[in-house]
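Colleague: Dropping the sequence and predicted coords here.
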Amino acid sequence: MPVAPEPVLRVALPVPLPRLFDYRPPAGQSAGPDWIGCRVRVPFGRGEGEQIGVVAGIGPSEADPEALKPVQARLDVEPLLGGELLESLRWTAGYYHAPLGEVLATAMPATLRGGQPLPETARHGWRLTEAGQQAAAGHGRDGKPRRLLLRLVAHVLGEDQLEQDDADWRASARALAQRGLAERIVLAGAPEPAPSAAAPTLMPGQADALSVLRAGQGFRTLLLEGVTGSGKTEVYLQAIADTLAAGRQALVLVPEIGLTPQTLARFRSRLGVPVLAYHSGLADGERARAWTAMARGEARVLVGTRSAVFCPLPEAGLIVVDEEHDGSYKQQDGIRYHARDLALVRASKLGVPVILGSATPSLESLHNALQGRYRHLRLGQRAGKARPPSVRVLDVRKRPLRDGLSEELLAAVGACLDRGEQALVFKNRRGYAPVLICHDCGWSAHCKRCDAAMTVHTGGRRLICHHCGARATPPNACPDCASLALMPQGAGTERIEQALAERFPDARMVRVDRETTRRRDAIEKILADFGEQSGILVGTQMLAKGHDLPRLTLVAVVGVDEGLFSADFRAGEKLAQLLIQVAGRAGRAELPGEVLLQTHHPDHPMLNTLLAGGYPAVAALQLAEREAAAFPPYAHLALLRAEAPTEADMQAFLREARELFAARDDVFLNGPMPAPMARRAGMARGQLLLGAAQRAPLHAALHDWLPRLQVLKSARRVRWSLDVDPTDLY
Ligand SMILES: Nc1ncnc2c1ncn2[C@@H]1O[C@H](COP(=O)(O)OP(=O)(O)OP(=O)(O)O)[C@@H](O)[C@H]1O
Ligand SMILES: [Zn+2]
């Protein structure tokens, strides 16, 4: 009788090869199902090379088991990536046609990916030392450390409590510890629920949303379309409170710039339990701690950006995706996943409800709702006393513009300042001017390494490429015709700020764009300093959402036109979403708000539809256009991108790739074609676009095709990647 071969460990490694790697268990151990989901350290590559991987399966080896190397060490006793999470990650690898090992590595926080042990997640607190008690009894210089000292006199305070009251508490605690006045200790037991702030009585729309959630069971999706300020967050809060009461965990995804201390404070004070944050600004250790605390079930609520969609949820009860249309949910390099879509996959495997909230839902989600896959509820009115702002189009054809601003717009800003209120002048373009041109011959300053104009900065003294970061000093004379008539053309936030400062020399003013907000919490600081007194905010889309500015009554949008005529089929959707979001900043409290749209195209159908029917009308119009053109959501796309130092190498790869594609009726393939930006950072860029009316044939075709590309010789001279459901055709 033949002996059944000893099973081996099939390990997923973070390498760009779409396969698993077989290893023998260490001597004396056998490969059983308890290994699956555990991290292992394995020899890999030449010499002393090693890798950290995750056991993805066990089974008979295809090679001779005796020839296999053994695992060096098993790093987890319990599976780190188990159950539903591992299943969802397998799904992710299949859907995005990515190696499982790379997907697993993407899902883990950096320290765990690197093989470090799970961090300690015990709650810590602070208490005074003997010396601290004495210092508290005496006199001391007032300041933040002193105030913390006095708060600690009567009780030990947990770090979550400290965090809740003052986001900057760590600096004070460190100062006290250095002077031997306070010390950090481990706290036993669960946190005491803090008294939570009272919930308002729900309005009818909000109550409907909650009863949909309460009535159902298992996986279901609620698309909550609510105008800005209509109380969507309130619905999330009460749904999370229900989840906590049922003893379950909640995950809340927010856009990149939506995870503000303001948001966290609101969640914390209302829920009365610790709320963990998870975003790229956290130190690696903090991320690992939050992830692990969720995995152990110690943490109950996690609010995070895109990558938080990979957090373990062993006791899941609810997933919320706020601003579900937001572009930051799509990862634009590595594994190009969409966190909203993965949230739905996870919720379905977990059997829990998902809320997708937005004032301006994506056409994908609206389409799903129309197909009956989601419950769709609208919150049509602002909560509390706030009324929707009035919107006016400023036709600037043939009107003189000063630095891009019309006289009417300036007058409205002046009137707003006279009323003692705040105005936001919005321009989605940072820098002084988008391009430097020669007035005599038409020459313009281009980046040497990109197909793009360089942006003029610091009042004209510097040129910066926004695509590769290249910097240059502007020439004194035109390099082509030697004319001295070089002029910055158009206006960015910097120029608009300058023009407004000249016109309103006494007004308080701040600019919010990527330059003024390098640090993560810079926006909060800027806005807190700006306060509630009269003044002008100038900013890019960083100011379009999230922040409550009760004294803001005028929003003036400059440069609507750039989005109206873009080649990208999503441009109309994106512009409408942006306009609604910015407009939503006006009049959020009791003061009425006004929105001005300055344009050269007052008759553009998209603008008119937006004014007459709001976002639902624009969305209906765009869905009809997409259907007619067979674009998503009525079709499914995948983009194969390639870039290489030379155009010839890039072309050769794409041509061969195309030839290897087995033609079929239900999938189209277009290209090779140049990328919309054909050169970037010195690389020639091109692509093949694939699409199909149905997902299944597209994925079947990709599944067949991609392994053949791996082995192409021409592939070695290019960097290539596949983007499934691309949101940006660049
Ligand atoms: N039922 C209610 N009764 C009274 N006030 C409410 C109610 N629901 C929400 N509010 C208040 O109205 C304001 C807007 O609510 P909320 O922040 O929940 O809206 P939102 O739709 O999430 O806003 P955004 O679109 O900016 O995310 C908040 O100040 C909130 O406290
Ligand atoms: Zn460049």
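Modeller: It's in. Residues are numbered from 1 along each chain as shown. Ligands and ions are numbered 1, 2, ... in the order given.
Colleague: Residue 560: what's it in contact with?
Modeller: When contacts are counted by CB atoms under 8 Å, 6 or more residues apart in numbering, residue 560 touches 575, 579, 597-599, 601, 607. For the C-beta atoms, the positions are set from N, CA and C on the backbone; glycine is no exception.
Colleague: Which of those sits closest to ligand 2?
Modeller: residue 575 (24.9 Å; CB to the ion).
Colleague: From residue 560, how far off is that closest one?
Modeller: 7 Å (CB to CB, to the nearest Å).
Colleague: cool, and residue 180?
Modeller: With CB to CB as the criterion, residue 180 and residue 560 are 60 Å apart.
Colleague: Tell me which stretches of the stretch 151-300 of the chain form strands.
Modeller: Along the stretch 151-300 of the chain, counting by DSSP state E, counting those that start in this stretch, strands occupy 157-158, 182-186, 220-226, 249-253, 275-278.
Colleague: any chance of those strands in CSV, with distance to residue 568 and mean neighbour count too?
Modeller: CSV is the format used below for the strands of the stretch 151-300 of the chain (distance: least, CB to CB, whole Å; neighbours: other CB atoms under 10 Å):
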stretch, distance to residue 568, mean neighbour count
strand 157-158, 48, 18
strand 182-186, 51, 14
strand 220-226, 23, 24
strand 249-253, 25, 27
strand 275-278, 31, 24
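Colleague: Neighbours of residue 103, how many?
Modeller: Residue 103: 25 surrounding residues under other CB atoms under 10 Å.
Colleague: quick one: it and residue 335 touch, right?
Modeller: Yes - if you go by CB atoms under 8 Å, residue 103 and residue 335 touch, sitting 5.7 Å apart.
Colleague: shared neighbours, the two?
Modeller: 92, 96.
Colleague: now the strands of the stretch 151-300 of the chain in CSV, with mean pLDDT and distance to residue 564?
Modeller: CSV is the format used below for the strands of the stretch 151-300 of the chain (pLDDT from 0 to 100; distance: least, CB to CB, whole Å):
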stretch, mean pLDDT, distance to residue 564
strand 157-158, 84, 52
strand 182-186, 87, 56
strand 220-226, 96, 24
strand 249-253, 98, 30
strand 275-278, 92, 37
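Colleague: In helices, which of the contacts of residue 560 fall?
Modeller: 575, 579, 607 (DSSP state H).
Colleague: Top of those by number of neighbours, please.
Modeller: Going by other CB under 10 Å, residue 579 tops the ones in helices among the contacts of residue 560 with 26 neighbours.
Colleague: contacting residues for that residue?
Modeller: Contact analysis of residue 579 by CB under 8 Å, 6+ apart lists 557, 560, 597, 610.
Colleague: count of residues packed around the last one?
Modeller: Residues near residue 610, counting by other CB under 10 Å, number 23.
Colleague: ok so, going back, I'd like the strands of the stretch 151-300 of the chain written out as JSON lines, with distance to ligand 2 added.
Modeller: As requested, the strands of the stretch 151-300 of the chain are exported to JSON lines (distance: least, CB to the ion, whole Å):
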{"stretch": "strand 157-158", "distance to ligand 2": "49"}
{"stretch": "strand 182-186", "distance to ligand 2": "47"}
{"stretch": "strand 220-226", "distance to ligand 2": "39"}
{"stretch": "strand 249-253", "distance to ligand 2": "32"}
{"stretch": "strand 275-278", "distance to ligand 2": "33"}
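Colleague: Show me what residue of the stretch 1-150 of the chain gets nearest to ligand 1.
Modeller: Closest to ligand 1 within the stretch 1-150 of the chain is residue 88: 27.3 Å, counting by CB to the nearest ligand atom.
Colleague: Tell me the spatial nearest neighbour of that residue, not counting adjacent residues.
Modeller: residue 346 (4.9 Å; CB to CB, 6 or more residues apart in numbering).
Colleague: That neighbour: what's it in contact with?
Modeller: So residue 346 contacts 84-85, 88, 309, 313, 316, 319 (CB under 8 Å, 6+ apart).
Colleague: where does residue 392 land in three-state SS?
Modeller: strand (DSSP: H, G, I helix; E, B strand; the rest coil).
Colleague: which one's the longest strand in this protein?
Modeller: Ranked by residue count, the top strand of the chain under DSSP state E comes out as strand 668-680.
Colleague: Please point out which parts of that strand sit buried.
Modeller: Within strand 668-680, the residues scored as buried using 16 or more other CB atoms under 10 Å are 668-669, 671-672, 674-675, 679-680.
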